[in-house]
Each structure stands twice: as C-alpha cells, then as structure tokens.
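Visitor: give me coordinates for this.
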Amino acid sequence: MTTQWTVSRNSTILRDAIGTLWVTTAGTMGALGAAAMLSTDLLTSVVPIAVIAAACGLLYPPSIATLRAARRLPRSESPAIAAARKSLSRRFGMVVGVEVFFFVLANVILLLTHQYEYLVPVILLIVGVHFFPVAALFKMWPYYLAGALFSLASIGTLFATSSTMEIGRVKAWIALPTVSCAIVAWLTAGCLLIIQRKRLAQQVVE
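Guide: Okay, here's the model as predicted:
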C-alpha cells in the first residue's frame, strides 16, 4: 500500500469520525426534544431519559476515542490529495447549501400558508434526502440507510396518520418522525463507528 493512499485514508477516518459525532449529537438532540414533548408523568419522563443516557453511553465514549485516535494518525498530504480534499469539501458545502435553501423555502411556504403541521415531517424529509448525496460523496453506506429511513419515517407519518392525531399531548406528525429519526440517527452513528473502528484496526496492523 502506498504512503499517499494511507495518508488519504487517514484523513477520511478523521472526517468520518467527526461525522459520527455529529450524527450522534443530532439523534440525541432529537430524542431530548421528543422526551420533553412526550413526558406527562414520572414514567414517561424516566424511561426516555434512561434510553437517551444508554444511547449516549454506548456511542459517545467510543466515538470520542475514535476521533482522538484518528487525530493521531499522520495527515501530511501531497498536492493531489489536498486538491481532492478541497474539491470534496466544496461539493459537501454545495450539498449543505442546497439543504439550507430548501429548509428556508419549506419554512417560508408552510408558514405563509399556515400549514404548520407539515413543518417537522417536511424538515426531516429534507434532512433525509440530503443524506443520499452525502453517502455518495463520502462513500459510506450508513448514510444511504439514514436517508432511506428518515424519508420513510417522514412520508410514512404523513400517509399513515392524520394531522389531528395526538400521542399524549403532542401531534403525531411531530412526535412520530422526531422519535423515529432520532433512533435512526443513533443506528447510523453505530454503523459508522463500527466501520471506523475496523479501519483504525487495519491501520494499526499495517
């Protein structure tokens, strides 16, 4: 294996480790929001917090350890690798830019037309769709899984439930996709973490 390839892969491990922490945090924030909305008594408060604590305990320590290990890998780059990394960063920036554009567009349209009940499922659908180009850019299959399941959770909620249906005190169109996508984000982070740990192990062997 060439030094150039090894250095390039080291940068990829670091990038994906950062992505894992971001996805884990996104899932945790969604879960905390859902827990706050759905809690009505001691039981519905304690159980979600216990689940969130367990997920954080399983994902954050190894994710942080992976990030630290990735930062210790050599990352000096040839001009060709540096140029490729810049190109990838630009394309990722374009994906995020398009995502933000559709966020704003969807919010403006739904707020102006007073269709507030569509906000959460539509926003999560946009997040789901954005995972597909991210998966193609970074060549990480868990992002395809996230995109498919985020989209399914959002669209499935819209078609399988009514806008007036409630779960506890919360509209189903808010609660169901929020909880579903939080779980999907955690699962995605777990898959990413497994891939990264294997890559790190290969680096140690080499």
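Visitor: from here on, just use CA atoms for contacts and neighbour counts.
Guide: OK.
Visitor: so which residues of this structure form strands?
Guide: 166-167, 170-171 (DSSP state E).
Visitor: off-centre distance for the first one?
Guide: Taking C-alpha atoms, centre = their mean, to the nearest Å, one finds the center of strand 166-167 at 25 Å from the center of the full chain.
Visitor: that strand: partners in the sheet, and parallel or antiparallel?
Guide: strand 170-171 (antiparallel) (DSSP bridges).
Visitor: neighbours of P74, just the number please.
Guide: Residue neighbour count, defined by other C-alpha atoms under 10 Å, stands at 13 for P74.
Visitor: correction: A201
Guide: 10.
Visitor: what about it, distance to I195?
Guide: According to C-alpha to C-alpha, to the nearest Å, A201 and I195 sit 10 Å apart.
Visitor: identify the contacts common to those two.
Guide: Contact with both A201 and I195 is made by no residue, according to C-alpha atoms under 8 Å, 6 or more residues apart in numbering.
Visitor: ok, the spatially closest residue to V122 that is not a sequence neighbour - contacts?
Guide: Distances taken as C-alpha to C-alpha, 6 or more residues apart in numbering put S154 closest to V122, at 6.9 Å, once the chain neighbours are dropped. By C-alpha under 8 Å, 6+ apart, the contact list for S154 reads 121-122, 124-125, 177.
Visitor: buried ones among those residues?
Guide: Among the contacts of S154, those classed as buried by 16 or more other C-alpha atoms under 10 Å are 121-122, 124-125, 177.
Visitor: which residues sit in contact with I123?
Guide: 103, 106.
Visitor: so for it, what's the pLDDT?
Guide: What the model reports for I123 is a pLDDT of 96.
Visitor: I167 now?
Guide: So, for I167, pLDDT stands at 86.
Visitor: now T25
Guide: At T25, pLDDT is 95.
Visitor: middle-most residue in this structure, spatially?
Guide: V23 (3.4 Å; C-alpha atoms, centre = their mean).
Visitor: mind listing the helices for this protein?
Guide: Ranges of helices in the chain, per DSSP state H, are 3-38, 42-71, 79-112, 119-138, 141-160, 172-205.
Visitor: which one of those helices lies nearest to E166?
Guide: helix 172-205 (5.0 Å; C-alpha to C-alpha).
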